[in-house]
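# no sequence for this one, just the structure:
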């Protein structure tokens, strides 16, 4: 028996190319807002069945029984409703792709650039539900498209999203159209929790993100380029052509791209923009689409590799594979080279040698140990070290190094990229050790989501390596690939410790499962460490997530820069969707990364002055120079061994003798006794040589010749020697130029600080006896490497290095050589003679 009722989906707006299906209706589910009063309805039944979603049931007979309904017919009708609803949402999320007969075949996941161009045009032909005229002017077409499309993907209309946003924020925040673009975009992106956003597989979503960045950069319409007077079709075609030729600038990319899972992160977003933009100054849609496609290919390849049979990998995530017939990976051991396959995971580095017979042997180097390190090195047959294309990986101070050469006939970039990969994994584990909770810490269960902190940190590393791989395939890798990897970059970047702290709060922070006490709530402020509770308070993120005080093992938390950053956190003024999505304001990581970027650019400008001060072309004999400095080198090494307490008895004896000389007032006799001893030794050597007891070759400097080599190797060796000496002289010149800049007030702030330090030192020398000052200096030198002072010394030296790096070098002007003619030379000499005769 068939039922008297059927199901109909809400009325849809048909676009060209869609054909409505005709079905027999028994009952209809219709939207109250979209149906007029003349439609078929029964007032009493619709009013009783109306719900909060605005739908009502329309039927012909309201006295029906439940047991008269055919379940098969009902299921078929509901399936039709769900199918039509899904088609409706797909239509709203992505425009219809029109394909011509001459289009080339594409994969189901990605479309061609020609289809992207056509869909860009169709994207603009959408219904606008709100007035584009706002407080500061009229919204641009990109802003309207972004707001409408993301609003529909959020289940709302643009007009409804404007009302919601206006009710959430103050008027001055609402009047900025960028904030509205951010709200619509971030509200949809905040729903995703995947490692990489699944919507990137759709070409329409990639275009929408590009349009959103354009909208954020230029939210208002350009009045000089208005399209008034043209019909709608020509206007939209003109807008589509304009979007294809426009470029996304750095500010828009850094703001929007890190909010998309897997596309970028805040610490390295500006470096990623430089790599993608190149010399063009911006990112075009073609570069943007190509980058996302390569990124998806890397993730797909990584997922397929994860399911392959790697019996030597257990519970580790594969990040990259290194194996190629044209560009093999070669392991060097005892002047023997052997090719193989390299596998990098989130914990280890595996090398599987290619064997012709027998079982394949796999070497594993653990990268999670605290003493793991990677270095660039040279390799070559018979110890020649002529190939500068290898890295050396060590798991600890006593482990055998794994030397791997990455053959690349085009450049050294392949070696540099793999060096960055391995270094990033090592830096990631150092970050876990220094900023993360200890393994088995029960306080992890007091903070919601803290147990998954290690996985979130691992995702940072995995996504960064995937981005660098995508750039490598695009041949847009920067000169220093480590700048594109967050943990490696932040270890050496100025203010990098503060960004690592913010990342730790973001990764392990969460809501407290156990509520804090009332005293703690009164003491703490969101996102700050108060001055009265520096030793006992937790750190709070912008959304209220807490990072426990007991997890702050790193010494960077106690630096002045860290305390100043956490105490200067402003009161939030935007809409906090989550700790990773804040509208009209910056997240904690974004704020720290911005400060790091600003300080790094100051150092880059300073480095530019240093680069301009370096002069090339000063050859010399490095081997002879080292031999002449050998006595001083040996004395310095002996003193260094004493200072490091490698021989405690000798160090204690030296300290006892030093303090005896100081506090017995024997210091005035040290210099005369040293001169007398030196004179006696010289006379003794003179007498022994006259007696022939020292031999004919005593005092002769011996330099070992280079091993037999051909002309090319000699040229290479000479070039390396000249480069090393040239670099040394350049560094000395830079130091002298910086000192000159400080003395001549080239940097007024640094000059003031140095002057104050000199005055304080003079005051100390006037008031304190010299023997106490010398005793304090000796105590400081011989306790720097001890455990109780090591962290403090490292922090102080890092502060001095940052201040020194910010000092610019004094300017240098190199004038070109001028050839003077003979007549001019004679006139000059005559003028000099006349001036001399006057005197």
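Here it is on my side, so go on. In this text, all values refer to a predicted model and were calculated from it rather than measured experimentally.
# next one: phi and psi at residue 335?
phi 60, psi 20 (degrees, to the nearest 10).
# so what's residue 575 bridging to?
Counting by DSSP bridges, residue 575 forms beta bridges with residue 583.
# Residue 170 is in contact with that one, correct?
No. Using Cβ atoms under 8 Å, residue 575 is not in contact with residue 170, being 10.7 Å away. (C-beta placed from N, C-alpha, C; glycine too.)
# ranges for the strands of the stretch 651-800 of the chain?
For the stretch 651-800 of the chain, no strands turn up when DSSP state E, counting those that start in this stretch is the criterion.
# Run through it and note the low-pLDDT ranges.
For the stretch 651-800 of the chain, applying pLDDT under 70 flags the ranges 696, 701-709, 714.
# could you show me where the helices are in it, in order?
With DSSP state H, counting those that start in this stretch, the ranges of helices along the stretch 651-800 of the chain come out as 670-690, 711-743, 748-767, 770-781, 787-805.
# Tell me which of those lies nearest to residue 505.
Closest approach to residue 505 among these (Cβ to Cβ): helix 787-805, 20.2 Å.
# Outside of that closest one itself, which residues are in contact with it?
For helix 787-805, contacts defined as Cβ atoms under 8 Å, 6 or more residues apart in numbering pick out 494, 555-556, 559, 603, 606-607, 738, 750, 753, 783-784.
# circling back to that earlier point, ok, which of the helices of the stretch 651-800 of the chain comes nearest residue 584?
helix 787-805 (32.1 Å).
# most residues in a single strand of the protein, which one?
Assignment by DSSP state E gives strand 336-345 as the longest strand of the chain.
# Enumerate every residue touching the residue nearest the centre of the chain.
Centroid-nearest residue in the chain: residue 268, 2.7 Å away (criterion: Cα atoms, centre = their mean). Listed by Cβ under 8 Å, 6+ apart, the contact set of residue 268 reads 464, 483-486, 489.
# Look up phi and psi at residue 346.
Per degrees, to the nearest 10, the backbone of residue 346 is at phi -80, psi 0.
# if I look at it, how far off is residue 393?
Separation of residue 346 from residue 393 (Cβ to Cβ, to the nearest Å): 15 Å.
# Comparing residue 575 and residue 170, which shows the higher neighbour count?
Neighbour count, other Cβ atoms under 10 Å: between residue 575 and residue 170, residue 575 has more, with 19 against 11.
# By mean pLDDT, point me to the weakest helix or strand of the protein.
helix 43-49 (a mean of 37; mean pLDDT, DSSP states H and E).
# ok, back up a step: of the helices of the stretch 651-800 of the chain, which is nearest residue 585?
That would be helix 787-805 among those, by Cβ to Cβ, at 27.9 Å.
# Spatially, which residue comes closest to residue 606, not counting chain neighbours?
Leaving out its chain neighbours, the residue that sits closest to residue 606 by Cβ to Cβ, 6 or more residues apart in numbering is residue 808, at 4.9 Å.
# my guess is the one you found contacts residue 747, does it?
Yes. Using Cβ under 8 Å, residue 808 is in contact with residue 747, at 6.0 Å.
# what's the overlap in contacts for those two?
Going by Cβ under 8 Å, 6+ apart, residues that sit against residue 808 and also against residue 747 are residue 741.
# The closest residue to residue 343 other than its chain neighbours pairs with what?
Excluding the flanking residues, the one nearest residue 343 by Cβ to Cβ, 6+ apart is residue 350, at 4.2 Å. Here residue 350 sits in beta bridges with residue 343, residue 364, going by DSSP bridges.
# okay, now residue 350: neighbour count?
Around residue 350 there are 20 other residues, counting by other Cβ under 10 Å.
# isn't it right up against residue 361?
No. At 10.8 Å, residue 350 does not count as touching residue 361 under the criterion of Cβ under 8 Å.
# any idea of the mean pLDDT for stretch 466-476?
For stretch 466-476, mean pLDDT rounds to 92.
# which residues sit against that stretch?
Identification of contacts with stretch 466-476 by Cβ under 8 Å, 6+ apart yields 196, 262-264, 272, 275-276, 278, 290-291, 294-295, 297-299, 302, 319-320, 413, 417, 420-421, 477-478, 481, 484-485.
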